[in-house]
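Student: sequence and predicted structure, then a few things I'm wondering about:
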Amino acid sequence: MDELISKTLSHLFISLGGVSISAVVGITLGVLLTRISFLSAFVIGFSEILQTVPSLAMLAILMMFFGLGNPTAMMAIFLYSLLPVVRNTYTAMRGVDSSLLEAGKGMGMSRWQLLFLVEIPNAFPVILSGIRVSLITAYGIVTIAVLVGGGGLGGYIYRGTQTVNIGMILKGAIPICLMAVGTDFLLNKVEKKTSIEKRGK
Amino acid sequence: MVKIKFQNVRKVYNGTDVVDNLNLEVATGKFTVLIGPSGCGKTTTLKMVNRLVDPSAGEIFIEGKNISDLNPVDLRRRIGYVIQQIGLFPNMTIAQNIEVVPRLLHWPKQKRLDRTAELLSMVGMDPQQFMNRYPSELSGGQQQRIGVLRALAVEPPILLMDEPFGALDPITRESLQDEIKKLQMKLGVTVLFVTHDMDEAIKLADMIVLMREGQVEQAASPEKLLSDPVSDFVQEFIGKKHLPTNYDVESVWEIMNPNAVTIAKTKGINESIALMNKRNVDSLIIVDENRKLEGIVSVEEIRAAGRQESRIRRIGDLGIRQVPTINIHSQARDAFDLIVNENPRFIVAVDDEDIVYGIVTKTSLVKALAGVVWGDETDV
């Protein structure tokens, strides 16, 4: 039982770690792209290509640089999460009503104030939905990461398939499902709460 | 006195002169309306004042200072700005929206709070009821009221308004026009207002600036513009319905005294007496939370209620007396007739929905008459 809990926690830790890095990098990149828009096609195109690399191949390639272990898994998750985060951030920022920008600017907000008081808060629900998608995908990728020496619940599933032990497979699979459903539920709630249409009604 | 001065200002977009050698002086404390067909450069002219647009050539001065020497961010914080799309921040409450500029200027919390409550009550919106709501819960008219309050939050000496009421329904537009005119006169703020609606311009303006192809075609008071258009273009733009024939008739709106002493019906007896003493009147007009007329109460009635030692605590629970009313859009002559025939102490001037705007007394009639006989000094 203790092993199950520690593996579940490490599964969660690797996923959250990778997605957190990609949230920081991706949101920054997404915001930056709205300022230097000619780069947007390039950056978004590049992260789209990353997304198409099969996860097993991605892990193998990364293993050559980062060796065996959790860092490789986190790196893979970071790369996979980048696209949803960057694309959602960019689209959401571009979608902020131009009258809000004019009002903010006309009232005397500096560029930074406009960004933090108007643009990001109004883009936040969409940015968050990118992070939610990333996190749920990450749970799946961490499962495979056991092949490059990563921890997590993938170990049970791998062992289970080797020994044709359904119980063992389920021991890994059920917590992953619960995690995914729980995350979806929780972040959906936050999204609803921060989204403008629902607010206060 | 000149607040804003445009000197040989030009603005070129893609090789076309949107504003072409514009010279214009906007007077301090006056309501100046920029009007013209679309593409005449009126909005561009407005936006050059707070440097959302910088001129290609020429200079703009505010109180003698060339604004191109000022930091645009600082400049904009001292100039109120209201746009047609309203632009309230949907992620902020009403109070937070109003407090945007005070916060940018680092006002302390209590000062911001007091100011917000003061502003909301100024347009008859209950602060307790509205402060913590979100813009999406308000009607279009209420939203734009907040938009105006937000622009006035730090008492800017200048208020720029870019077709602020263009997207509202006619009834709401009318009442917001009345409110902004009242606020402008009360606060003495210099307003520069863009519209394409001549009715709106005539109703609000002290000076109308009619623009055409980036230049001033005519700048004059509404009266002068109507009676003495300088060109066929002006004549045509004014349109037939504004020709001077039906123009001389004064409305109740123009002759009334806007400083009616009103009290909310939920207020207590003691508050009412204090208000009477303070404003030196012997009757109060009782209104509900929307300034809708409920009736009047006089000092005698309050005294009588006090003697009975009754349980009446709220002014609205006293037997409210009806009072003669007149619509603000009626002709002044109707007010004369009413006062002469029925001899009331005063008439309450209301709009179609019984919202109180002022009172007409014998004194206001005499002033209006004096204005006709000795020239327009009624507002002295």
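Tutor: Structure received.

Student: what residues sit buried inside the one helix or strand residue B:275 maps to?
Tutor: Using DSSP states H and E, residue B:275 falls within helix B:269-279. Going by neighbour count (16 or more other C-beta atoms under 10 Å in any protein chain shown), the buried part of helix B:269-279 is B:269, B:272-273, B:275-276. Using the backbone N, CA and C atoms, a C-beta is placed for each residue, glycine as well.

Student: keep only those residues that also lie close to chain A.
Tutor: Among these, no residue sits close to chain A (C-beta under 8 Å from any C-beta of the partner chain).

Student: that older thread, which strands or helices does the helix holding residue B:275 pack on?
Tutor: When contacts are defined as 3 or more C-beta pairs under 8 Å, 6 or more residues apart in numbering or on different chains; DSSP states H and E, helix B:269-279 sits against strand B:262-264, strand B:283-287, helix B:299-307.

Student: how about a cut-off of 10 Å?
Tutor: Counting contacts by 3 or more C-beta pairs under 10 Å, 6 or more residues apart in numbering or on different chains; DSSP states H and E, helix B:269-279 is packed against strand B:262-264, strand B:283-287, strand B:293-298, helix B:299-307.

Student: among these, which is nearest chain A?
Tutor: Nearest of those to chain A, taken as C-beta to the nearest C-beta: strand B:262-264 at 25.8 Å.

Student: pairing partners for that closest one, with directions?
Tutor: strand B:283-287 (parallel) (DSSP bridges).

Student: what average pLDDT does the strand it pairs with get?
Tutor: Across strand B:283-287, the average pLDDT comes to 85.

Student: for that strand, C-alpha coordinates in CSV please.
Tutor: Extracted C-alpha coordinates of strand B:283-287, given in CSV (Å, rounded to 0.1, in the frame of the first residue of the first chain):
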residue,chain,number,x,y,z
SER,B,283,-40.4,71.2,2.4
LEU,B,284,-38.6,68.2,1.0
ILE,B,285,-39.3,66.2,-2.1
ILE,B,286,-39.5,62.5,-1.2
VAL,B,287,-38.0,60.2,-3.8
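
Student: where does the chain dip in pLDDT?
Tutor: The chain I'm using is chain A. A:196-201 (pLDDT under 70).

Student: please refer instead to chain B.
Tutor: Within chain B, the stretches with pLDDT under 70 are B:1, B:240-249, B:306-313, B:319, B:372-380.

Student: one more time with 50, if that's ok
Tutor: For chain B, residues meeting the criterion pLDDT under 50 lie at B:244-247, B:377-380.

Student: so is stretch A:28-46 next to chain B?
Tutor: No - using C-beta under 10 Å from any C-beta of the partner chain, stretch A:28-46 stays clear of chain B, with a minimum separation of 16.7 Å.

Student: I would like the residues contacting that stretch, please.
Tutor: Here stretch A:28-46 makes contact (C-beta atoms under 10 Å, 6 or more residues apart in numbering or on different chains) with A:22, A:47, A:82-83, A:85-94, A:96, A:111, A:115, A:119-120, A:123, A:127, A:130.

Student: residues in contact with residue B:277?
Tutor: By C-beta under 10 Å, 6+ apart, residue B:277 lies in contact with residue B:299.

Student: can I get the helices and strands packed on helix B:269-279 in CSV including mean neighbour count and distance to residue B:68?
Tutor: What follows is the helices and strands packed on helix B:269-279, written out as CSV (neighbours: other C-beta atoms under 10 Å in any protein chain shown; distance: least, C-beta to C-beta, whole Å):
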stretch, mean neighbour count, distance to residue B:68
strand B:262-264, 19, 46
strand B:283-287, 22, 48
strand B:293-298, 20, 51
helix B:299-307, 14, 59
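
Student: not counting its neighbours along the chain, what's nearest the most centrally placed residue in chain A?
Tutor: In chain A, the residue lying closest to the centroid (C-alpha atoms, centre = their mean) is residue A:134, at 3.0 Å. Nearest residue to residue A:134 in three dimensions, chain neighbours excluded: residue A:81, at 3.5 Å (C-beta to C-beta, 6 or more residues apart in numbering or on different chains).

Student: so who does that neighbour touch?
Tutor: Per C-beta under 10 Å, 6+ apart, neighbours of residue A:81: A:15, A:18-23, A:25-26, A:47, A:50-51, A:130-131, A:133-135, A:137-138, A:141.

Student: so what does it look like in phi/psi?
Tutor: phi -80, psi -20 (degrees, to the nearest 10).

Student: what do you get for residue A:153?
Tutor: phi -70, psi -10.

Student: for it, give me its contacts.
Tutor: A:4, A:7-8, A:10-12, A:139, A:142-143, A:146, A:171-176, A:179.

Student: select only the buried ones of the residues you listed in PyMOL?
Tutor: Restricted to buried positions by 16+ other C-beta under 10 Å, the PyMOL selection for these reads:
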select buried, chain A and resi 7+8+10+11+12+139+142+143+146+171+172+173+175+176+179
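
Student: give the next helix or strand downstream of the helix ranked longest in chain B.
Tutor: Of all the segments of type helix in chain B, defined by DSSP state H, the longest one is helix B:170-187. Using DSSP H and E, the next helix or strand after helix B:170-187 towards the C-terminus is strand B:190-195.

Student: how about the next helix or strand after that following strand: buried residues?
Tutor: Using DSSP H and E, the next helix or strand after strand B:190-195 towards the C-terminus is helix B:198-204. For helix B:198-204, burial by neighbour count (16+ other C-beta under 10 Å) applies to B:198, B:200-204.
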